[in-house]
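Undergrad: Fold the following, please.
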Amino acid sequence: MRLLTLFSHQSLFRFCIATIITLVTSLPLVCFSQSDSANNSSSVSGRHYGNISVDHHHMKMTGDTDYDFATMMRTHHEQGLRMAQNEIVNGKDATLRKLAKKIVATQKKELAEFDRWLAKHPPKTR
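TA: Numbering: from 1, shown residues only. As a prediction, this is how the structure comes out:
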């Protein structure tokens with residue numbers, strides 16, 4: 001019984017992490033989608049903004065919670081970096097462009113941290 005409860009909690013935890021990451025990364029795109037469609041300034045379809053895809057559903061979970069978290073967060077940060085770079089190049093608002101430059105700096109540092117961790121920690125097989 002205890003093993004079943006542990007398994008259920010781990011599955012629920014993985015599902016919650018995947019759902020939260022998907023929601024967090026999709027929220028900015030809803031805003032972009034609404035403003036872009038109002039301006040007709042660029043094409044946005046589904047979960048894409050420019051060349052940035054935020055669909056995490058294609059990612060396979062390994063069952064190693066730490067590895068899965070690091071992998072998904074790395075992807076999330078990489079997409080945030082690309083969105084910020086897009087804002088720097090194409091954005092008109094000086095405040096947002098300044099914020100995007102800060103985001104680029106922090107996301108690059110965090111990407112490097114995830115890369116170092118992932119290089120040292122291959123997924124554990126169960």
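
Undergrad: So which bits of stretch 83-93 are buried?
TA: 83-88 (16 or more other Cβ atoms under 10 Å). All C-beta spots, glycine's among them, are computed from the backbone N, C-alpha and C.

Undergrad: Which of those residues fall within helices?
TA: 83-88 (DSSP state H).

Undergrad: could you pull out the strands for the protein?
TA: Applying DSSP state E to the chain gives strands spanning 48-49, 52-53.

Undergrad: Least confident of those strands, on average?
TA: With a mean of 47, strand 48-49 has the lowest mean pLDDT of those.

Undergrad: Flag the shaky bits of this structure, pLDDT-wise.
TA: 1-59, 126 (pLDDT under 70).

Undergrad: Give the buried residues for stretch 65-75.
TA: 67-75.

Undergrad: meant to ask about stretch 105-118
TA: Buried, per 16+ other Cβ under 10 Å, within stretch 105-118: 107, 110-111, 114.

Undergrad: Alpha carbons of it, as CSV, please.
TA: Output of stretch 105-118 as CSV, limited to C-alpha atoms (Å, rounded to 0.1, in the frame of the first residue of the first chain):
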residue,chain,number,x,y,z
ALA,A,105,21.6,38.0,-18.8
THR,A,106,19.8,36.0,-16.1
GLN,A,107,18.5,33.4,-18.4
LYS,A,108,22.0,32.7,-19.9
LYS,A,109,23.4,32.2,-16.4
GLU,A,110,20.5,29.9,-15.4
LEU,A,111,20.8,27.9,-18.7
ALA,A,112,24.5,27.4,-17.9
GLU,A,113,23.6,26.1,-14.4
PHE,A,114,21.1,23.6,-15.9
ASP,A,115,23.7,22.6,-18.5
ARG,A,116,26.3,21.9,-15.8
TRP,A,117,23.9,20.0,-13.7
LEU,A,118,22.6,17.9,-16.6
